[in-house]
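> output the structure for:
(2 chains)
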2 protein chains.
Amino acid sequence: MELFYSTDIKKTGITLSGAEADHCARVMRHKEGDTIFVFDGKGGLYNCTITRIVLPKRGEAVVECGIVEKSRGVGERNYSLVMAVCPTKNMDRYEWFVEKATELGVDSIVPIISDHSIRTSVKKERLEALVLSATKQSLKSCLPVVEDAISVTDFLNRDYGEGVLKLMAHCEDGEKKTIRQRIEDHKSHSEGKGLSVVLMIGPEGDFSAREIELALQKGFLPVTLGESRLRVETAAVVSVSEIYFASI
Amino acid sequence: MELFYSTDIKKTGITLSGAEADHCARVMRHKEGDTIFVFDGKGGLYNCTITRIVLPKRGEAVVECGIVEKSRGVGERNYSLVMAVCPTKNMDRYEWFVEKATELGVDSIVPIISDHSIRTSVKKERLEALVLSATKQSLKSCLPVVEDAISVTDFLNRDYGEGVLKLMAHCEDGEKKTIRQRIEDHKSHSEGKGLSVVLMIGPEGDFSAREIELALQKGFLPVTLGESRLRVETAAVVSVSEIYFASI
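Model (predicted):
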């Protein structure tokens, strides 16, 4: 099933514009009367009939549709997940993580810049484009958010509210549990509320001692990812995977 | 710690040749008297002192070392794992899986060709080079084997012996359990023997009905990877990850 994305959704109908409309009208060559599926990135999935196509020789297409049926989209989860991951020196690797996190399920991806970070900026628009295409390919109805890059310190100083399971994976010594153990501990104390996780993955040289100390003060629990020496993007993907499987 | 790889290991000493010797002598510019670490891919890790370097203007270098100390290498696991995964249409994706499986821990990677496979061959030497570099980067002492590509049918018809947990991930309906559940069931019946897993991941269009039926006949248990629609390489990596975390 092919999905198009739009936030221009009214009771009277849906409008595709920009790259989505071009893909619909020029690449897939849809016509008036065709059925297409549109998702709004927030859980809504719309079965639509195309009512009008504007296809200028130059400039972007516009596709207007009437809504036949609205349903709750597939791919919904019983947990929310914020992945705060330091950008890798090689951006291809970070992009793999962003794609895989989206396939498995994530609500927000936050590039965090550590004291030890080699890479200190990212191209947010590129990551957003990746997220959109991975969301469509994996037929998910909720579009993860890519936030602006932020320092680890600023990320730690945010207020996450009550009941959020906050985790940091680091390599320094100290008492640690696995992600699954932390989730099980948390569930037994959270009176049946939905699971909400914030997880931090550090840069190639690990978080600094200062950042680890601040994280502990802010209630972030240390987790171990086992004995293997994992690359940043591997650590991030297996963490998303662990949370995913813990919720099956 | 930087690792070099050699199988030319005698009581009298170790010899590096080919690309390993070139990397040691030309790229890293090691000299006689330097300490280097060499692994044999089978669990042995050697602390060595370079005794002789041959560095021709043309042609490959040769590096000879004396063994100072042999130890058991790091990164050993309490389980063995064979990952049989259909090559993906886009080989970058398969290579990503091969790298990640090596970082997490795998003994053998088998490219299997399904009735539904789009890609029916792989460049084995390229995958072996990837495995070697990922093994060094993740400081593992055992080098995973990359086998020749084989049909799913031939793979299913191999004799895996007793006590091996054989799993196939597929998308057809039917009773399935998660990988973790299969491991737990298996452990309760295996009288404390070390865990040995063989896991199959199908191509983009899933295994064929014929292959799934044959797998069941051959004692392969079906596993689910949850509700998300995962790419082949994602399914493969999260499976390796699940087994890894189940053994922590």
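
> quick one: name the residues of chain A near chain B.
A:74-75, A:96, A:100, A:103-105, A:137-140, A:178-180, A:224, A:226-231, A:234, A:237-238, A:241-242, A:244-245, A:248 (C-beta under 8 Å from any C-beta of the partner chain). In short, each C-beta sits where N, CA and C put it, glycine included.

> what ranges does chain A have for its helices?
With DSSP state H, the ranges of helices along chain A come out as A:18-22, A:91-104, A:124-137, A:152-156, A:179-187, A:209-217, A:232-246.

> the ones you listed: which one's closest to A:V197?
Shortest distance between A:V197 and those, using C-beta to C-beta, is found for helix A:232-246: 5.9 Å.

> give me the distance between the closest one and the centre of its chain.
What separates the centre of helix A:232-246 from the centre of its chain is 13 Å, taken as C-alpha atoms, centre = their mean, to the nearest Å.

> that helix versus helix B:124-137: what angle between them?
Following axes from the mean of the first three to the mean of the last three C-alpha atoms, to 10 degrees, one obtains 90 degrees for the angle between helix A:232-246 and helix B:124-137.

> helices or strands up against helix A:232-246?
Here helix A:232-246 touches strand A:79-85, helix A:91-104, helix A:179-187, strand A:195-201, helix B:91-104, helix B:232-246, going by 3 or more C-beta pairs under 8 Å, 6 or more residues apart in numbering or on different chains; DSSP states H and E.

> deepest-packed of those, please.
Among those, judged by mean count of other C-beta atoms under 10 Å in any protein chain shown, the one packed with the most neighbours on average is helix B:232-246 (a mean of 25).

> now it: mean pLDDT?
The average pLDDT for helix B:232-246 rounds to 97.

> mind checking how far A:C65 is from A:I53?
Using C-beta to C-beta, to the nearest Å, A:C65 is found at 10 Å from A:I53.

> more neighbours, these two?
Neighbour count, other C-beta atoms under 10 Å in any protein chain shown: between A:C65 and A:I53, A:C65 has more, with 27 against 20.

> which residue sits closest to the more buried one in space, ignoring its chain neighbours?
Nearest non-adjacent residue to A:C65, counting by C-beta to C-beta, 6 or more residues apart in numbering or on different chains: A:C48, 3.7 Å away.

> what about the one you found, distance to chain B?
As judged by C-beta to the nearest C-beta, to the nearest Å, A:C48 and chain B stand 21 Å apart.

> domain ranges for chain A, per the record?
Here the domain assignment for chain A is A:3-72, A:79-246, based on automatic domain parsing.

> winner for burial among those?
Greatest burial across the domains of chain A, using mean count of other C-beta under 10 Å, falls to domain A:79-246, with a mean of 19.

> re the thing from before, among the helices and strands packed on helix A:232-246, which is nearest B:E128?
Nearest to B:E128, of all those, is helix B:91-104, at 9.3 Å by C-beta to C-beta.

> could you dump that closest one to PDB, C-alpha only?
The C-alpha trace of helix B:91-104 is given here as PDB (Å, rounded to 0.1, in the frame of the first residue of the first chain):
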ATOM      1  CA  MET B  91      23.800  -4.700  -1.200                       C
ATOM      2  CA  ASP B  92      24.600  -1.700   1.000                       C
ATOM      3  CA  ARG B  93      21.700  -2.900   3.200                       C
ATOM      4  CA  TYR B  94      23.100  -6.400   3.400                       C
ATOM      5  CA  GLU B  95      26.500  -5.100   4.200                       C
ATOM      6  CA  TRP B  96      25.100  -3.000   7.000                       C
ATOM      7  CA  PHE B  97      23.600  -6.200   8.500                       C
ATOM      8  CA  VAL B  98      26.900  -8.100   8.100                       C
ATOM      9  CA  GLU B  99      28.700  -5.300  10.000                       C
ATOM     10  CA  LYS B 100      26.200  -5.100  12.800                       C
ATOM     11  CA  ALA B 101      25.900  -8.800  13.200                       C
ATOM     12  CA  THR B 102      29.700  -9.000  13.600                       C
ATOM     13  CA  GLU B 103      29.700  -6.200  16.200                       C
ATOM     14  CA  LEU B 104      27.000  -7.900  18.300                       C
END
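
> what about that helix, average pLDDT?
Helix B:91-104 shows a mean pLDDT of 97 in the predicted model.

> tell me which other helices or strands that helix touches.
Using 3+ C-beta pairs under 8 Å, 6+ apart, the elements in contact with helix B:91-104 are helix A:232-246, strand B:79-85, strand B:108-113, helix B:124-137, helix B:232-246.

> quick one: low-confidence parts of chain A?
A:1, A:73-75, A:192 (pLDDT under 70).

> rewinding a little: which residues touch the residue nearest to A:C65?
A:13-14, A:35-38, A:65-68 (C-beta atoms under 8 Å, 6 or more residues apart in numbering or on different chains).

> change it to 7 Å
Contact partners of A:C48, counting by C-beta atoms under 7 Å, 6 or more residues apart in numbering or on different chains, are A:14, A:35-36, A:38, A:65-68.

> cool, A:R93 as well?
A:231, A:233.

> ok, 6 Å please
By C-beta atoms under 6 Å, 6 or more residues apart in numbering or on different chains, the contact set of A:R93 is A:E233.

> what's the spacing between the residue lying farthest from the centre of chain A and chain B?
Farthest-out residue of chain A from its mean C-alpha position, per C-alpha atoms, centre = their mean: A:K57, at 35.7 Å. Going from A:K57 to chain B by C-beta to the nearest C-beta gives 34 Å.

> that older thread, got the helices and strands packed on helix A:232-246 as TSV, with distance to B:V82 columns?
What follows is these, written out as TSV (distance: least, C-beta to C-beta, whole Å):
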stretch	distance to B:V82
strand A:79-85	30
helix A:91-104	23
helix A:179-187	24
strand A:195-201	29
helix B:91-104	11
helix B:232-246	11
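
> now render the helices of chain A as TSV, adding distance to A:V198.
Formatted as TSV, the helices of chain A follow (distance: least, C-beta to C-beta, whole Å):
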stretch	distance to A:V198
helix A:18-22	31
helix A:91-104	14
helix A:124-137	18
helix A:152-156	9
helix A:179-187	12
helix A:209-217	11
helix A:232-246	11
